[in-house]
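Participant: Return a 3D structure for these sequence lines:
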Amino acid sequence: MNEILDAISKDFANTSKLLKKVSHQMIGQGFKYPVFILSKDKFSAFPILFDKETGNNWIYHASYLDILISSNLIEKTKKEDFIKNYKDPEEYCCLMIITPKLTKIAFAPFYTSSILKLISKTDNT
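Facilitator: Residues are numbered from 1 along each chain as shown. Purely as a prediction, here's the structure:
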């Protein structure tokens, strides 16, 4: 798990400024609760922001809570808990980390160089 977070931390240091801009745009267009999906695979249902061709270890997709629920990536029954735990999008980036063995939600402070310490504060979906 630490090697996954190490790789994400390196990518996040390079992408956080743009992720914050995209988050603002999504909120401005009425999409509450932006979520950025990080995976090694492409998901055709979600727009790609960054991929391995842009020098990242992970593929970044733009998404938001309601579409994640309708896509069954987050259970409907967990919507209220998600909203209650969602952190201020001015300060934090919501990341959904998807690997073959786990799916985790993490909130990383924008412009941070390490999200390793955040794993203890994440919830399973």
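
Participant: contacts and neighbour counts: CA atoms only from here.
Facilitator: Fine.

Participant: quick one: least confident helix or strand in the chain?
Facilitator: strand 123-124 (a mean of 46; mean pLDDT, DSSP states H and E).

Participant: Can you classify Phe31 as helix, strand or coil?
Facilitator: Three-state call for Phe31 (DSSP: H, G, I helix; E, B strand; the rest coil): coil.

Participant: List the residues that contact it.
Facilitator: By Cα atoms under 8 Å, 6 or more residues apart in numbering, the residues touching Phe31 are Tyr64.

Participant: Mind doing that once more with 6 Å?
Facilitator: For Phe31, the contact set (Cα atoms under 6 Å, 6 or more residues apart in numbering) is empty.

Participant: Can you check what pLDDT the model gives it?
Facilitator: pLDDT recorded at Phe31 is 92.

Participant: For it, give me phi and psi.
Facilitator: Backbone torsions for Phe31, taken as degrees, to the nearest 10, come to phi -90, psi 100.

Participant: Report the central residue of this protein.
Facilitator: In the chain, the centroid-proximal residue (Cα atoms, centre = their mean) is Leu95; its distance is 1.8 Å.
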